[in-house]
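Peer 1: Pasted the sequence and its predicted model underneath.
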Amino acid sequence: MIFAPLFGYLGDRYNRKIIMSFGVFLWCLTTFIGSYMKTYGWFLLFRAMVGVGEASYSTIAPTIISDLFVKDVRSKMLALFYFAIPVGSGLGYIAGGETARATGSWQWGLRITPALGILAIILILLLVRDPIRGEKEGGANIASTSWGEDVRALLKNQSFMLSTAGFTCVSFVTGALAWWGPTFLKLGLKLQMGDDVDEHNVSYKFGLIAMVAGLIGVPLGSILAQKLRVCYSQADPLICAVGLLISAPLIFFGAVLAGINSTGCYLLIFAGQVFININWSIVADMLLYVVIPTRRSTAEAFQILIAHALGDAGSPYLIGLISEYVKSSISAQAIPGDAKSDLIEFRSLQYALFITIFVEVIGSLFFFFTALHIQKDKAVVDFTIADKYLETKHNGKAESTRL
């Protein structure tokens, strides 16, 4: 994701359709080649290159949507786009697990997905057009500024910076749950059922939970935003904040029940993920209306870079590190036999995952602070677009008079 700012710079100035197609092709190629690597170093290199490809379309695609649609229609299109993230992640668990089971090799999970990427490239080249920046908002006459000016303006944009911080907390939680969730649930079931636990079945159920939570949560967030922002101009960040505050206790009690009641655990984690997922399309929508059209790809790039670098890229490692520390500190003298190691493993990971609850609360605070600035920053963008539009009309009229 360190290449995201580069793609943001290119996306604000050049043909976005071509850049996206190149990024998806790079993703397909490195995913396929990486599956054949025999050493960890080479495999890690190609998996890192996958992130380069991902940085292109995840940075640019939302800005194309923003130039094609406005207001509630834009919100609906963004919801349709962003629900692909949790749904795709859930399908990844299911498809990867079933492919590994059918072929006897996990590598085949990486070999079938590039075919879908090639299909995406064909559709992008044939069906997608690259609209003028700000086409539907009347902002087509805003001139691009230098990359340095764009970055300085974004750093001063309080709504952008605060919502990015909140979104980073969301990414931290989703990354930790995606990585450690199946392992944690497997350990909880092992305490209840003994060694008779099907690891593939746990991954399948967790993937199904993530997918359905995305199908419900992302559109739910978009619908709530469209309904409430009519009456409350600060509705978007407040929905994100409240969603995280509701999700936090649900995830907490789900983790508590993991070693006691698997059904209750699954239901609570499902509900918690629904309320996390209401953030995806709303955060994207907020970025697009508090940043002028010619800076949106750069803004997307920096939001993605920060969210991944400080969020889901490090959260699995941090949770694992805390789990190992807790494991070495737990006194298990009263736990007999083989159950000792299983319970210690479960408790240490459970306590480490409780960190995500605090991160959700911190994220909600960032969104509450965003609500204090969102009206002002949106008004600045609206004024800038209107001012440039009127200036162009005036100059055009003056020119026609002189002729």
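Peer 2: Received it, and whenever you're ready, just let me know what you need. Numbering: from 1, shown residues only.

Peer 1: show me what contacts residue 205?
Peer 2: Contact partners of residue 205, counting by Cβ atoms under 8 Å, 6 or more residues apart in numbering, are 185, 266. All C-beta spots, glycine's among them, are computed from the backbone N, C-alpha and C.

Peer 1: Residue 162 now?
Peer 2: 366, 367, 369, 370, 373.

Peer 1: make it 7 Å
Peer 2: Neighbour list for residue 162: 366, 369, 370, 373 [criterion: Cβ atoms under 7 Å, 6 or more residues apart in numbering].

Peer 1: which residue packs closest to it, ignoring adjacent ones?
Peer 2: The shortest distance from residue 162 to any non-neighbouring residue, by Cβ to Cβ, 6 or more residues apart in numbering, is to residue 370 (4.2 Å).

Peer 1: From residue 136, how far off is the one you found?
Peer 2: 25 Å (Cβ to Cβ, to the nearest Å).

Peer 1: got it, and residue 60?
Peer 2: 17 Å.

Peer 1: The stretch 201-350 of the chain: helices as residue ranges?
Peer 2: Along the stretch 201-350 of the chain, counting by DSSP state H, counting those that start in this stretch, helices occupy 235-257, 262-277, 279-290, 296-307, 315-329, 339-353.

Peer 1: For residue 23, find the nearest of the ones you listed.
Peer 2: Judged by Cβ to Cβ, the one of those that comes nearest to residue 23 is helix 296-307, at 12.1 Å.

Peer 1: So which bits of that closest one are buried?
Peer 2: Buried residues in helix 296-307, counting neighbours by 16 or more other Cβ atoms under 10 Å, are found at 296, 297, 298, 299, 300, 301, 302, 303, 304, 305, 306, 307.

Peer 1: Show the average pLDDT along that helix.
Peer 2: Averaged over helix 296-307, pLDDT sits at 89.

Peer 1: Over to stretch 347-361?
Peer 2: Stretch 347-361 shows a mean pLDDT of 93.

Peer 1: Same check on stretch 161-172?
Peer 2: Mean per-residue pLDDT for stretch 161-172: 96.

Peer 1: How far off centre is it?
Peer 2: Put simply, stretch 161-172 sits 10 Å off its chain's centre (Cα atoms, centre = their mean, to the nearest Å).

Peer 1: picking up where we left off before, from the buried residues of helix 296-307, which single one is nearest residue 73?
Peer 2: Taking Cβ to Cβ as the measure, residue 73 lies nearest residue 296 of the buried residues of helix 296-307, at 17.0 Å.

Peer 1: give me every residue that touches that closest one.
Peer 2: Contacts for residue 296 (Cβ under 7 Å, 6+ apart) come out as 63, 66, 288.

Peer 1: In a markdown table: those, plus neighbour count and pLDDT.
Peer 2: A markdown table is the format used below for the contacts of residue 296 (neighbours: other Cβ atoms under 10 Å; pLDDT from 0 to 100):
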| residue | neighbour count | pLDDT |
| --- | --- | --- |
| 63 | 29 | 87 |
| 66 | 28 | 85 |
| 288 | 24 | 89 |
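
Peer 1: just to revisit the earlier point, nearest to residue 175, out of the helices of the stretch 201-350 of the chain?
Peer 2: Of all these, it is helix 315-329 that lies closest to residue 175, at 4.4 Å by Cβ to Cβ.

Peer 1: show me the biggest helix of the chain in terms of residues.
Peer 2: Longest helix in the chain, counting residues (DSSP state H): helix 158-193.

Peer 1: Out of the buried residues of helix 296-307, which comes closest to residue 277?
Peer 2: Nearest to residue 277 among the buried residues of helix 296-307, counting by Cβ to Cβ, is residue 307 at 14.8 Å.

Peer 1: what about the closest one, distance to residue 164?
Peer 2: Residue 307 is 7 Å from residue 164, by Cβ to Cβ.

Peer 1: Also residue 262?
Peer 2: Distance of residue 262 to residue 164, given as Cβ to Cβ: 36 Å.

Peer 1: These two: which is more packed in?
Peer 2: Each of residue 262 and residue 164 has its neighbours counted (other Cβ atoms under 10 Å); residue 164 has more, 24 against 17.

Peer 1: what's around residue 44, how many residues?
Peer 2: Neighbours of residue 44 (other Cβ under 10 Å): 12.

Peer 1: List of residues touching stretch 128-144?
Peer 2: Under the contact criterion Cβ under 7 Å, 6+ apart, stretch 128-144 has outside partners 12-13, 15-17, 64, 67-70, 292-294, 384-385, 388-389, 392.

Peer 1: For PyMOL, what selects the buried ones among those residues?
Peer 2: This is the PyMOL syntax for the buried subset of those, where burial follows 16+ other Cβ under 10 Å:
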select buried, resi 12+16+17+64+67+68+69+70+292+293+294+385+388+389
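
Peer 1: Where does pLDDT dip in the stretch 251-400 of the chain?
Peer 2: Scanning the stretch 251-400 of the chain for pLDDT under 70 picks out the ranges 331-340, 388-400.

Peer 1: who's in contact with residue 95?
Peer 2: Residue 95 neighbours (Cβ under 7 Å, 6+ apart): residue 109.
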